[in-house]
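Undergrad: One predicted model, sequence on top.
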Amino acid sequence: MSIKAVAAAAANTASDDANVSAHDVVIMGGGLAGLTLALQLKKRFDPIDVLVLERRSHPVPHAAHKVGESSVEIGAHYFDTVLGLKPHLQGEQLRKFGFRFFFSEGRRDIDQVTEIGASRYLSVPSYQIDRGIFENYLAEEAARCGVRFVDNALVKQIDLADDARQPHRLRWTQDGESHEIHARWVIDACGRAGMLKRKLGLAEPNSHECNAVWFRIGDRITIDHWSDNTEWRERCEPQARWLSTNHLVGAGYWVWLIPLASGSHSIGIVADPRIHPLDRFDTFDKAMDWFKTWQPALYDELDGKRHLLQDFAFFKNFSYGCKQVFSGKRWALTGEAGLFLDPFYSPGSDFIAMGNTYITDLIAHDRAGHSVEARAQLYDQIYHSFYESTLALYQDQYALFGDPEVLPIKVIWDYTYYWGVLSQIFFQDRLTDLALLGSLKEELQHCQKLNVAVQHFLRAWSGVTTKRNPAVMLDQAALPWFADLNRSLKDDLDDSAFRDRMRASAAQLRQLAAEILVRASTEHSGIEATELRMLLKEKMAMVPAHSGQGTMLFAA
């Protein structure tokens, strides 16, 4: 059945106000977060009645649609394995050649600056996702699975029930016709509009102030062609740096280059306004002038393609929190309807994956007749702890993005924290195992504190470096332990092995933090490191001694 046919059938069932339709779950928003949740629910409970109300008309346009095209390992695993969408991702989207960074500020000779990236694909895939292609596919897949998908639907009123025995009530319109529905669960997946957030007063600012602009060009940007240096090109196999999420970095900002399967390229500027105010690049012409000064090689690439501009948009102060995202009163927020961190490292799909998994589990417990009040509270606390620890990667860190000495170390640390802790929990399907995670509380809290301390130390270190920028590729694939950590995400661990893995991750992070401390202090003895030194002196009785693996950092 087509999406339009499903939409018509759903509308007909709700067209008579005297015969209000009832649903197990109503999802407000049929974008990435809402549609993947609908699929996850249908995969978990085939007979569940899920209605998705989407404001936009479908199908949505390719390329010039939404940002959030770059996925990383958790989000990619959620899409391709948890939801079973691997055939689409491998056949209709692009496999990402990892993250790549160039210290190219003010330079056209990209082969003569420091580059961070892998020379080959690592074991666990991630993808560059054309959101238009993907969301159209998700809507069709949801309809095939029995999800009731209604586009051009505007939710006008939400009345949440206080009594667990009573349904929530919603009023919505389509083509000027009003409908009323009842729902056991109401999920807000409508993005930054945040209907439940506004209704319940859940909006919460954070201390990470940053702005972003972005646009799409209807042509491929092949960064590999920016130099005819054969030796530089052959550092990578395949010779396809353009498939990476390429970052052109400088003090206070980064520029993204993301290829799309439709043939377009996504380009964005993300900047700390204290260093690069938004009004310097908040139109396409201003952005081009900004590129001419700060990233001239990209300016050269785009100058002759101005007529291929497909869209332009910006967000001011894009990062925000949310007081609560899961409730035992049978409502929840997912995706950008809840909270949003920063596009650097592309964590958006990761938090959709984790949030949807928690929501699915809460609905499972509710369908089994169990109270979900306590569980929802615990999931909310854990989810917010992931948010806080990830926020530390970005907060007040933009100034060091232009530091070729410190940013490579930060990237290695951030990956190790991500793959060694959060990714292990998700890949091993332990996100909702409260007892097992509780048994690792000491290790997890120590890792979180260590991450905050290392971020503070990196910021202090960058304040005293000379910002040396040699013509070298810092090849992450050439670090055996790093490639093995990525590969380890594919392991299938029982409870005992999972505990050992998490304790080994804590030990690995301690070793890496100690090496970072030694490396920086050897060159600059006066760096403030009290917090980090105190944490490294703590005795971790439950963490096994880590076997020697040689140095973990690139050569100085």
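TA: Thanks, I have the structure now.
Undergrad: Give me the buried stretch members for the longest strand along the chain, please.
TA: Ordering each strand of the chain by length in residues (DSSP state E) puts strand 177-188 first. Neighbour counts over strand 177-188 (16 or more other Cβ atoms under 10 Å) mark His179, Glu180, Ile181, His182, Ala183, Arg184, Trp185, Val186, Ile187, Asp188 as buried. Where you see a C-beta, it was placed from the backbone N, CA and C, and this is true even at glycine.
Undergrad: For the fourth one, give me its contacts.
TA: In other words, His182. Val20, Ser21, Ala22, His23, Pro167, His168, Arg169, Leu170 (Cβ atoms under 8 Å, 6 or more residues apart in numbering).
Undergrad: Can you name every helix or strand that the helix or strand containing Ala332 contacts?
TA: Assessed by DSSP states H and E, Ala332 sits inside strand 331-333. Counting contacts by 3 or more Cβ pairs under 8 Å, 6 or more residues apart in numbering; DSSP states H and E, strand 331-333 packs against strand 177-188, helix 195-200, helix 348-367.
Undergrad: And the helix or strand that the shortest one is followed by, how far out from the chain middle?
TA: Read that as helix 195-200. With elements assigned by DSSP H and E, the helix or strand that comes after helix 195-200 is strand 203-204. Distance of strand 203-204 from its chain centroid, counting by Cα atoms, centre = their mean, to the nearest Å, is 20 Å.
Undergrad: what do you get for stretch 425-436?
TA: 19 Å.
Undergrad: for this structure, which helix is longest?
TA: helix 495-523 (DSSP state H).
Undergrad: Give the other helices and strands that that one contacts.
TA: For helix 495-523, the packing partners by 3+ Cβ pairs under 8 Å, 6+ apart come out as helix 407-417, helix 423-427, helix 434-439, helix 441-462, helix 530-537.
Undergrad: May I see the buried residues of it?
TA: By 16+ other Cβ under 10 Å, the buried positions in helix 495-523 come out as 498-499, 501-513, 515-517, 519-520.
Undergrad: ok, back up a step: just send the helices and strands packed on helix 495-523 back as JSON lines, with mean pLDDT too.
TA: Shown next, in JSON lines, are those (pLDDT from 0 to 100):
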{"stretch": "helix 407-417", "mean pLDDT": "98"}
{"stretch": "helix 423-427", "mean pLDDT": "98"}
{"stretch": "helix 434-439", "mean pLDDT": "97"}
{"stretch": "helix 441-462", "mean pLDDT": "98"}
{"stretch": "helix 530-537", "mean pLDDT": "97"}
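Undergrad: Looking at the ones you listed, spot the one closest to Ser123.
TA: helix 423-427 (11.8 Å; Cβ to Cβ).
Undergrad: quick one: pLDDT of the spatially most central residue of the chain?
TA: Note on the chain: the residue nearest the mean C-alpha position is Pro347, at 1.6 Å, using Cα atoms, centre = their mean. As predicted, Pro347 sits at a pLDDT of 97.
Undergrad: Correct me if wrong: Ala189 contacts Val26.
TA: No: look at Ala189 against Val26 with Cβ atoms under 8 Å: they stay out of range, at 10.3 Å.
Undergrad: These two: which has the busier surroundings?
TA: A count of neighbours by other Cβ atoms under 10 Å puts Ala189 above the other of Ala189 and Val26, at 32 against 28.
Undergrad: which ones are touching the more buried one?
TA: Counting by Cβ under 8 Å, 6+ apart, Ala189 makes contact with Ile27, Met28, Gly29, Gly30, Gly31, Ala33, Gly34, Leu37, Leu333, Thr334, Gly335, Ala337.
Undergrad: what about the stretch 451-556 of the chain, any weak spots by pLDDT?
TA: 541-549 (pLDDT under 70).
Undergrad: Burial check on the closest residue to Leu243 other than its chain neighbours, number of neighbours?
TA: Leaving aside its chain neighbours, Leu243 sits nearest to Phe97 (4.0 Å; criterion: Cβ to Cβ, 6 or more residues apart in numbering). Phe97 has 24 neighbours, counted by other Cβ under 10 Å.
Undergrad: what residues are up against Phe97?
TA: So Phe97 contacts Gly117, Ala118, Tyr121, Cys236, Pro238, Ala240, Arg241, Leu243, Ser244 (Cβ under 8 Å, 6+ apart).
Undergrad: Mind checking what secondary structure the fourth one has?
TA: In the three-state summary, Cys236 is assigned as coil, counting by DSSP: H, G, I helix; E, B strand; the rest coil.
Undergrad: is it true that it touches Glu115?
TA: No: in this structure Cys236 lies outside contact range of Glu115 using Cβ under 8 Å: 9.5 Å.
Undergrad: Mutual contacts of those two, please.
TA: In contact with both Cys236 and Glu115: no residue, using Cβ under 8 Å, 6+ apart.
Undergrad: Quick check: which of the helices and strands packed on helix 495-523 is nearest to Asn356?
TA: helix 423-427 (11.5 Å).
Undergrad: Can I get that closest one as CSV, trimmed to CA atoms?
TA: Output of helix 423-427 as CSV, limited to C-alpha atoms (Å, rounded to 0.1, in the frame of the first residue of the first chain):
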residue,chain,number,x,y,z
SER,A,423,29.7,2.6,21.8
GLN,A,424,30.4,-0.6,23.8
ILE,A,425,27.2,-0.2,25.8
PHE,A,426,25.1,0.3,22.7
PHE,A,427,26.7,-2.3,20.4
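Undergrad: for the nearest residue to Leu458 once chain neighbours are set aside, what are its contacts?
TA: Excluding the flanking residues, the one nearest Leu458 by Cβ to Cβ, 6+ apart is Lys410, at 5.1 Å. Applying Cβ under 8 Å, 6+ apart to Lys410 gives the contacts Gln397, Leu400, Gln455, Leu458.
Undergrad: and the last one, what is it in contact with?
TA: By Cβ under 8 Å, 6+ apart, the contact set of Leu458 is Gln397, Leu400, Val406, Ile409, Lys410, Trp413, Ile516.
Undergrad: Could you export the residues you listed as TSV, including distance to Gly321?
TA: Converted to TSV, these look like this (distance: Cβ to Cβ, whole Å):
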residue	distance to Gly321
Gln397	18
Leu400	23
Val406	27
Ile409	28
Lys410	23
Trp413	24
Ile516	28
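Undergrad: Quick check, Val454 in contact with Ala520.
TA: No: in this structure Val454 lies outside contact range of Ala520 using Cβ under 8 Å: 10.6 Å.
Undergrad: from the contacts of His182, which has minimum pLDDT?
TA: Minimum pLDDT across the contacts of His182 is recorded for Val20, with 91.
Undergrad: And that residue, how far from Thr334?
TA: 25 Å (Cβ to Cβ, to the nearest Å).
Undergrad: Arg235 too?
TA: Where Thr334 is concerned, Arg235 sits at a distance of 40 Å (Cβ to Cβ).
Undergrad: Mind checking which of the two has more residues around it?
TA: Thr334 (27 against 16).
Undergrad: picking that back up, the contacts of Phe97, buried ones only, as a ChimeraX selection?
TA: Here is the ChimeraX command that selects the buried residues among those (16+ other Cβ under 10 Å):
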select :117,118,121,236,240,241,243,244
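Undergrad: List the residues that contact the spatially closest residue to Val452 that is not a sequence neighbour.
TA: Nearest residue to Val452, sequence neighbours excluded (Cβ to Cβ, 6+ apart): Ala392, at 5.0 Å. Ala392 makes contacts with Asn451, Val452, Gln455, as judged by Cβ under 8 Å, 6+ apart.
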